[in-house]
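A.B. asks: Would you be able to build a 3D model of this:
(one chain, ligands or ions: 1)
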Amino acid sequence: MGFERFGSKSFTSQAKVAEFVDYLDKGELAYTKCRTCSQAYFPPRADCANCLGNDMEWIAFKGNGKIVTFTHTMYAPTGFEADAPYTIVVVELDGLKVLGRMNKEVPVDTLSVGMSVKVEIVKLPDGQVTYEFLPA
Ligand SMILES: [Zn+2]
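C.D. replies: Numbers count the residues shown, from 1 in each chain. Coordinates of the predicted model:
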């Protein structure tokens, strides 16, 4: 339990990485890293695809990232219709590629590849919690 609180629309309540939501509640975006082989994962994984171990540690991202690519979504998938339009970005952060949304107040024509961005944790009015990116 607990994972149902992630995102504006959640499709699952059970996850081995529900601790992800605890980090968001603390104001942090976190990833997992395998203690055996050092492989890091975002989205976080509870089991390592590299060495098949499950001794994972949680690490909060620090500092700013850079936009790798982005796309502006005019038509959203089921469950997210009311959110459109919005911009999805892939950000390189602490060596990992992190998929997320750009803050809706940031016009898409002001974005560029390589632009510096920072993580913002967002607590939604209905108690859900998520994250997005803002220009750094
Ligand atoms: Zn591993």
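
A.B. asks: Centroid-nearest residue for the protein?
C.D. replies: Residue closest to the average C-alpha location in the chain (C-alpha atoms, centre = their mean): Gly100, at 5.1 Å.

A.B. asks: Provide the backbone phi and psi angles at that residue.
C.D. replies: phi -170, psi -180 (degrees, to the nearest 10).

A.B. asks: List the contacts of it.
C.D. replies: Ile88, Val89, Val91, Val119, Tyr131, Glu132, Phe133 (C-beta atoms under 8 Å, 6 or more residues apart in numbering). Using the backbone N, CA and C atoms, a C-beta is placed for each residue, glycine as well.

A.B. asks: Quick one: these as a markdown table, columns for neighbour count, distance to the ion and pLDDT too.
C.D. replies: Formatted as a markdown table, those follow (neighbours: other C-beta atoms under 10 Å; distance: C-beta to the ion, whole Å; pLDDT from 0 to 100):
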| residue | neighbour count | distance to the ion | pLDDT |
| --- | --- | --- | --- |
| Ile88 | 14 | 29 | 97 |
| Val89 | 23 | 28 | 98 |
| Val91 | 24 | 24 | 98 |
| Val119 | 23 | 25 | 97 |
| Tyr131 | 20 | 25 | 97 |
| Glu132 | 19 | 30 | 97 |
| Phe133 | 27 | 28 | 98 |
